[in-house]
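Novice: the sequence and its predicted three-dimensional model are supplied below.
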Amino acid sequence: MQIAIIGYGKMGKLIEAHALSRNHHISAVVDPFAGERKTPSGAPVFKGLGEGGNLGNADVAIEFTRPDTAAANITALVEQKIPVLAGTTGWTDRLEDLTRMVEKAGASLLWASNFSLGVNLFYRIAAFAAHLVDAFPEYDVGGWEAHHNQKADSPSGTAKTLLDWILTNMERKKTPVWETLHRPPAPEEIHYQSLRAGSMPGSHTVLFDSPADTIEITHTARNREGLASGALRAAEWLVECPGPGKPAGTPRPGVFTLDYVLKDLLGV
């Protein structure tokens, strides 16, 4: 599979390493801030998407940049009919417009707030717990997330997706509240807070608290390896690549989330 990497920061470099370990090839890298002219694998580095032409006949582009550039990058890749895997968070206010663009162009987009397999299993575990607890009003729901001090968005995309899963599985909770509260939360609200400090890769906690006890469910990332591994698996799925080192097939047209990939992997 020929992969173009959009954004050559920590995640971009990790994507490159994982792709090479799975016997894929890096056709091009795009990053306006990259000092390199070539990557360690020999792929050319371009300052912008227009500069790279067809990005070395890429089968798929993997995008990990910033919230303020992601939508423009996705738009440019869709216009070039290059399937896009978008791992940046904080841009989904543009999702409706981009979905129409993808569908009109017959292009391919797969996005997720977090490509880690562990995080996506965590969503499902927390959602099932929320469904069970919903029958017991003495249990309130809340939580927090913590990330490194260089993270650009708050709350995290992972936290937003987590609360979507929980709220879908509860009748008595309706609304997430992210900001600091200077009042008691309303019965239908879930208060979920963010911390940015140090070098933490990411931790998310949901708690179900009653006067008698507390149930906590936490996912903690030790590093970014799970994100890179999950992104590569999802990219292979998007272009129907049967496995490491295999050629890409016909891209799946449309807009997808990681749920589609996991349904295939889990068989449910």
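Specialist: Perfect, I can see it now.
Novice: so I190 versus R172, what's the distance?
Specialist: 10 Å (CB to CB, to the nearest Å). For glycine as for every other residue, the C-beta is placed from the backbone atoms N, C-alpha and C.
Novice: neighbour count winner among the two?
Specialist: Counted by other CB atoms under 10 Å, I190 and R172 do not tie: I190 has more neighbours, with 21 against 14.
Novice: can you name the residues bridging to the more buried one?
Specialist: Per DSSP bridges, the residues bridged to I190 are P176.
Novice: need the phi and psi values for L14.
Specialist: phi -70, psi -40 (degrees, to the nearest 10).
Novice: quick revisit: who touches both of I190 and R172?
Specialist: Counting by CB atoms under 8 Å, 6 or more residues apart in numbering, no residue touches both I190 and R172.
Novice: so, low pLDDT: which residues of the stretch 151-268 of the chain?
Specialist: Scanning the stretch 151-268 of the chain for pLDDT under 70 picks out the ranges 267-268.
Novice: for this structure, identify the residue most remote from the centre.
Specialist: A212 (36.2 Å; CA atoms, centre = their mean).
Novice: could you pull out the helices for the stretch 1-150 of the chain?
Specialist: In the stretch 1-150 of the chain, the helices defined using DSSP state H, counting those that start in this stretch lie at 10-21, 67-79, 95-105, 117-133.
Novice: hmm, who's touching the shortest one?
Specialist: Here helix 95-105 makes contact (CB under 8 Å, 6+ apart) with A71, I74, T75, V78, E79, K81, A107, S108, L109, W111, G254, V255.
Novice: report the angle between that helix and helix 67-79.
Specialist: On the basis of axes from the mean of the first three to the mean of the last three CA atoms, to 10 degrees, helix 95-105 is oriented at 10 degrees to helix 67-79.
Novice: ok now helix 95-105, how far from the chain's centre?
Specialist: Mean C-alpha position of helix 95-105 versus that of the full chain (CA atoms, centre = their mean, to the nearest Å) differs by 18 Å.
Novice: before we move on, what about stretch 84-100?
Specialist: 11 Å.
Novice: ditto for stretch 112-123
Specialist: Worked out by CA atoms, centre = their mean, stretch 112-123 lies 8 Å from the chain centre.
Novice: use 55 as the first number from now on
Specialist: Understood, numbering begins at 55; the last thing we discussed is stretch 166-177.
Novice: that older thread, excluding residues flanking it in the chain, which one is nearest the residue farthest from the centre of the chain?
Specialist: E192 (7.7 Å; CB to CB, 6 or more residues apart in numbering).
Novice: got the contact list for that neighbour?
Specialist: Here E192 is in contact with S264, P265, A266 (criterion: CB under 8 Å, 6+ apart).
Novice: gap between it and K228?
Specialist: For E192 relative to K228 (CB to CB), the value is 18 Å.
Novice: which strand or helix spans T272?
Specialist: Element membership for T272, per DSSP states H and E: strand 268-274.
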